[in-house]
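Colleague: I'll drop the sequence and a predicted model, then ask my questions.
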Amino acid sequence: MIFNNLKIAWRSLRRNKVYTGINIIGLAIGIAAVLLIFRMLSFELSFNKDFENYDRIARVVRQDVNASGNRGYTTCLPQPAGDAIESSITGIEKLARVKELWPTLTVPSENSNIPSKKFNVADAETAFFAETPFLNIFDFEWIVGDQAHALDAPGNIVLTKTWAVKCFEDWNQALGKQLLLDNQIPLTVTGVMEDLPENVDFVFPFLASYETLKANPEDYFYSEGWHSCSSNDQMYILLEDAGDWDLMQEAIAGIGAEEYVGRNGTRDHVHSLQPLSDLHFSEQWQNSGTHRISKKRLSILGAIGILILVMACFNFINLATAQSTLRSKEVGVRKTLGSSKMQLTHQFLTETGLIVAAALILGMVISTFCLPLLQHISEVPNELPFLSDYRIIAFLLITGVSVTLLAGLYPALSMSRFRPVEALKSNYSNSQLSGSRLRKSLVVFQFVIAQGLIIAALINIRQLDYIQKIDLGFSDDLVYTFGVQVDSATLHRQSSLKNKLLQIPNIEAVSLSSDQPLSGNTWATNFRYASRPEDEQYAMTMKFCDENYSETYGIEPIAGRWLTASDTMREAVVNMTVVERLGLDSPEDILNQTVRVSGNDLKVVGVTEDFHTHSVRQAYKPLLMTTFKSYYWQAGVKMRPGDLKGTLSAIQQVFDEVLPEQVMDGQFLDESIAEHYGDEERLSATTKGFGFLAILVSCLGLFGLATHAATQRLKEIGVRKVLGATIYHIVGLLSKDFLKLIFIALLVATPIAWYLMRNWLDNFVYRTDMPYGAFIIAGLLAMLVAFLTVSYQSIKAATTSPIKSLRDE
Amino acid sequence: MSMIRTDKLVKIYETEDVETTALNEVDISIEEGEFVAIMGPSGCGKSTLLNVLGMIDSPSSGDYFFLDQEVGHLPERKRSNVRKHNLGFVFQSFNLIDELTVFENVELPMLYTNTPSAERKRRVEELLENMKMMHRRNHFPQQLSGGQQQRVAVARAIVNNPKLILADEPTGNLDSSNGDDVMRLMAQLNEAGTTIVMVTHSQYCAEFANRIIRMLDGQVVTENVVRQFL
């Protein structure tokens, strides 16, 4: 019987090529979308899970509450807090302090001061100073060296295999070899470990011992005070028992109860444990990996994938129920000859199964070809195994069975319920099949999703465009930036670097600073204004910059003047937010006043307009700019238009000449700013991509229904034409019903999309107004695409000779 | 023992506004081995009667006894079971399944009675041979003439050796020559012991039967014996 069913299914599908084609293509698109999303989800959800102690590992993090009740989140753990955890809390099997860093690593040359090899740790990677237990908490794959003591002493370094090969050609040769950290701290290789897998939230090229940090406190900002801490100072712990979370949270929260008391007498910092399982998905705390993604974003992606697949299933249901009128005779005959409902249901499900099997194969092909597109919407590496991954195969099988049942069961049950007498007479009309209303509802549902996604995509594009075009308050045009390492050996070369760069003909200005205007970095400190008795209730963010920062980045003071050259902190320029937060009437009021930051009294010499120092998701912060040569890690070079290639090559030449031991990693400012909007870019690409898929799947279904309607109404069309109807009448007649559904879908989609996108836009401090045109455009676009889809069949039906259609009847 | 006996059989079709009585207290009895023709003008209820007798429709009231068992009010599953083991159908429009070959169409009823594959093959080939359709075994219905299609339909009707064949205008879509062939086939089947109930408009076809039941407005008006049933 199964063979018989398969045979009939195959022949039946071959006979109805349009119907079969639409179903297979629609389902294949849905399956491809779901496969790609599954790949993204399974990649993201697999993060850190391969660590043996996954459920017992946590990071100690901190919540900060300021006087006005606003919360901040940081991963910083001051040294004494770490000591207190170590000495007073039981139930911890191991703990390890780490500090993130992005240094230069060089292989010293025997005969010269210029290293034989030099490497920067790129922004995408994060190196660590780490205590030895770090190697036990996480079961990294060890290759060579004494793992138990590899990070015990100052000057110890453990390399990953790739970096061992980079430095010494052969990782086997690395053990015992010498390296220099930031060109000054000698390190000895005490171990080599395997490269880290893609799905962990660590991307370190090497681990230097924590003792190295302690031995060089000033170079790497090591401090032992309760109030001195950076988000790079972190601690991982391994619990003795995975069931101890609540008790442990309570104990950790008690750390610093006396020390973290703010001016109003309440706790302003509270430590807690962040489970390893949260590291990749946290919206509050950064991690040391390549990226984070919220579970909410993953759920939305999953939902979009399922919705597109469901839409494709709806196409199937719609076409199958519409086509069932043509199959009623067959059902009647089979029932008359003794077929049971069950046997008929099996037969129709076999047909669905065949279609789904073909769609699965086509879906796999489509998704394989579309894999590179995932790069635009996710961080999934291209080289991950795809179809050879057993999880994908299992997922495909489950999808196949689910889709067969979801798409096939209703039409199968509905057809198998036909009464033989009516079925034999082909007495079932579309309306009697109880499918008519269902089909309309499903079409409306499909277009609600499709139009909703189009609206989301349009609003997304608009917002992205808005934030990209927003006046950042400084000039990012033709400014080339690169990092410069600062230490006692290089400090005196800063002026030489600047002067030589300025001699390049096409260079207009050069500035050295702690960071560029929009960097995402936050240096924050308490500050006190003039003679006020207490510090202000909010933190002051800071940038350290030289006298040329203003002309290089086009930041002009609106009152007073810019900073004059100095090696240390003497003068300050603040932004307008500071003036407003201090309650001053005009920028002039702050000029020549003294502000106290980090124990230094600075004279305010100028005020600038606010400019964006962080992504435009965030509001302006109070900002103070001052000079401090030791913190000038960043060079900015303002170029004139023309011969960029030659200018860049000249910059490289100067850099190599002045700082031969360092590596230049440069980037144009506008490019680095664009990186801050990667998340928005990806979201925009996601909504655009899946919006397109949704409309494609919906239109495929519509095309099928229009084909069916045109066939069903052939006689009616013939009669109307004989009675004088024009092609326009007929096209209108056939299109009207469908367009009505699309309009209803727009009415449903509009409030839903408005609500969701309003919430999304609320995430941005600077946002476009709700673009109501997006709703109109989405509606018109859907109508137009739907009309074009339907009109092909309508025109075909309308131009068929009435004699033919009437004779056929 | 009567093969078929009906007692005040009533079938009413109801739509929202109209109620149509298709069968109005029909009492008939048909013996095993009989060849009965049902005649009457269009809309008199003869096809409805055939559908009820064929258990593909159920009566609104009254009883229908098949082999002394009341089957008119059985649930669909049980009726289907009685049907597939005892009845064969021949339709005016042949009702062959377009996706199946001649062989597969004839084989189909045996699939529903779980007949073993070898037995199915033997039986279908034997029948097709008898019907002189063996050379067309792998053809699809659209590739056959009307007469050939009806011969295949008759083969399909008798493949499970039914006790009763119900034929609804079996020659209605055929020319006179093919129609004649089909009627001779029916007569042969009847001579071999199969009971046949046939609805027809054609007096010529009706004369192949032993008895003619004439209907008007849902009621049996006369019953004529054409020739003595032995």
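Modeller: Happy to help now that I have it.

Colleague: In chain A, what residue lies closest to chain B?
Modeller: residue A:338 (2.5 Å; CB to the nearest CB). C-beta here means a position set from N, CA and C on the backbone, and glycine is covered the same way.

Colleague: Can you tell me the SS state at the residue of chain B found nearest chain A?
Modeller: Ranked by CB to the nearest CB, the top residue of chain B for proximity to chain A is residue B:84, at 2.5 Å. Judged by DSSP: H, G, I helix; E, B strand; the rest coil, the three-state class of residue B:84 is helix.

Colleague: My read is that it contacts residue A:336, right?
Modeller: No - Residue B:84 is beyond contact range of residue A:336, at 9.1 Å (criterion: CB atoms under 8 Å).

Colleague: quick one, which of those two is more surrounded?
Modeller: residue A:336 (26 against 22; other CB atoms under 10 Å in any protein chain shown).

Colleague: For that one, list the residues it contacts.
Modeller: A:420, A:424, B:54, B:56, B:83, B:89, B:95 (CB atoms under 8 Å, 6 or more residues apart in numbering or on different chains).

Colleague: Residue B:53 is in contact with the fifth one, correct?
Modeller: No - taking contact to mean CB under 8 Å, the distance of 10.7 Å between residue B:83 and residue B:53 leaves them out of contact.

Colleague: Look through the chain and tell me its longest helix.
Modeller: By default, I'm working from chain A. Ranked by residue count, the top helix of chain A under DSSP state H comes out as helix A:295-336.

Colleague: Sorry, I should have been clearer: chain B.
Modeller: From DSSP H, the single longest helix across chain B is helix B:176-191.

Colleague: how about it: buried residues?
Modeller: B:178, B:179, B:180, B:181, B:182, B:183, B:185, B:186, B:189, B:190 (16 or more other CB atoms under 10 Å in any protein chain shown).

Colleague: Counting by contacts, list what that helix packs against.
Modeller: Contact here means 3 or more CB pairs under 8 Å, 6 or more residues apart in numbering or on different chains; DSSP states H and E; on that basis helix B:176-191 packs against strand B:35-39, helix B:146-158, strand B:164-168, strand B:195-199.

Colleague: Can you tell me, leaving aside adjacent residues, what's nearest to the spatially most central residue of chain B?
Modeller: The geometric centre of chain B, computed from its C-alpha atoms, lies nearest to residue B:166 (CA atoms, centre = their mean), at 1.4 Å. Spatial nearest neighbour of residue B:166, excluding adjacent residues (CB to CB, 6 or more residues apart in numbering or on different chains): residue B:54 at 4.5 Å.

Colleague: could you check the distance from the one you found over to residue B:39?
Modeller: Relative to residue B:39, residue B:54 is positioned 18 Å away (CB to CB, to the nearest Å).

Colleague: What parts of chain B come near chain A?
Modeller: Residues of chain B lying close to chain A (CB under 8 Å from any CB of the partner chain) are B:51, B:54, B:56-57, B:76-77, B:80-81, B:83-85, B:89, B:91, B:95-100, B:104, B:108-109, B:111-113, B:156.

Colleague: can you give me the helices for the stretch 201-350 of chain A?
Modeller: A:210-215, A:245-253, A:295-336, A:341-370 (DSSP state H, counting those that start in this stretch).

Colleague: I'd like the mean pLDDT over the first one, please.
Modeller: If I follow you right, that is helix A:210-215. For helix A:210-215, mean pLDDT rounds to 95.

Colleague: buried ones in that helix?
Modeller: A:210, A:211, A:212, A:213.

Colleague: do the same with stretch A:175-192
Modeller: In stretch A:175-192, counting by 16+ other CB under 10 Å, buried: A:175, A:177, A:179-185, A:187, A:189-192.

Colleague: can you tell me the distance between the two ends of that stretch?
Modeller: One end of stretch A:175-192 to the other measures 7 Å (CA to CA, to the nearest Å).

Colleague: and what of stretch A:134-154?
Modeller: End to end - CA to CA - stretch A:134-154 spans 16 Å.

Colleague: which intervals of chain A have sub-threshold pLDDT?
Modeller: Chain A contains residues with pLDDT under 70 at A:1, A:66-69, A:262-264, A:383-385, A:425-435, A:801-809.

Colleague: Check the spacing between the residue sitting nearest the centre point of it and residue B:167 real quick.
Modeller: Here the mean C-alpha position of chain A is nearest to the C-alpha of residue A:679 (CA atoms, centre = their mean), at a distance of 4.5 Å. Distance, residue A:679 to residue B:167, by CB to CB: 74 Å.

Colleague: quick one: the helix or strand residue A:685 falls within to helix A:295-336, angle?
Modeller: Per DSSP states H and E, residue A:685 falls inside helix A:678-712. Relative orientation of helix A:678-712 and helix A:295-336, computed by axes from the mean of the first three to the mean of the last three CA atoms, to 10 degrees: 20 degrees.

Colleague: Report the angle between the helix or strand that helix A:678-712 is followed by and helix A:678-712.
Modeller: Next helix or strand after helix A:678-712 toward the C-terminus (DSSP H and E): helix A:714-722. With the same axes, to 10 degrees as the basis, helix A:714-722 and helix A:678-712 are set at 80 degrees to each other.
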